[in-house]
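[1] quick one, fold the following:
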Amino acid sequence: MAKAATLRTLSDDQLLDELDSAKKELFNLRFAFATGQLDNSAQVAATKRDIARIHTVLREREIAAADVLLGPSGGPVQGSAADLAGSSDDPEQGSAASSAASTGDPS
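    Now for the predicted structure:
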C-alpha cells in the first residue's frame, strides 16, 4: 500500500475505492488466517494500518473543509450570513432574558 503522502494526491473517490479494496483485502486475510491458509500474519496488521492511513487522510480533508466554511477558530467567518442573522438593531432585545436568567426569575 501507499504512504500517506501518496494517498494525499488521490481524489476523494479514489480514496474511497482504495478504502473499499483494503477492507475487502482485510476480510480475505482474516478468513485465510482463520482457516490456517495465511503464511504471513503480518499482512493483517499492515492492511489495518493502510485502512487507518486512508481514514486519516479523509479526516484531514473533512477538517480542512470545515476550516474553510467556519474559519480556523471554529466559529463562522466574520461578516458571514450566520454572523449577520444573529445581530439585532434593538440593544434592549435579549437583555430581559439575560437578566431573568441571572436572577432565576422565569417571568
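[2] other SSEs contacting the lengthiest helix in the chain?
    When the chain is parsed with DSSP state H, its longest helix is helix 42-70. Counting contacts by 3 or more CB pairs under 8 Å, 6 or more residues apart in numbering; DSSP states H and E, helix 42-70 is packed against helix 4-7, helix 12-34. The C-beta positions use only the backbone N, C-alpha and C, and glycine is treated the same way.
[3] weakest of these in terms of mean pLDDT?
    Ranked by mean pLDDT, these bottom out at helix 4-7, with a mean of 92.
[4] so which bits of that one are buried?
    For helix 4-7, the neighbour count (16 or more other CB atoms under 10 Å) marks Leu7 as buried.
[5] tilt between the longest helix of the chain and helix 12-34?
    Put simply, helix 42-70 runs at 150 degrees to helix 12-34, going by axes from the mean of the first three to the mean of the last three CA atoms, to 10 degrees.
[6] re the thing from before, now render the helices and strands packed on helix 42-70 as CSV, adding distance to Gly71.
    Formatted as CSV, the helices and strands packed on helix 42-70 follow (distance: least, CB to CB, whole Å):
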stretch, distance to Gly71
helix 4-7, 26
helix 12-34, 22
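[7] quick one: average confidence on stretch 54-67?
    Average pLDDT, stretch 54-67: 94.
[8] which residues sit against it?
    Contact with stretch 54-67 is made by Ala4, Leu7, Arg8, Asp12, Leu15, Leu16, Glu18, Leu19, Ala22, as judged by CB atoms under 8 Å, 6 or more residues apart in numbering.
[9] switch the cut-off to 6 Å
    By CB atoms under 6 Å, 6 or more residues apart in numbering, the residues outside stretch 54-67 that reach it are Leu7, Arg8, Leu15, Glu18, Leu19.
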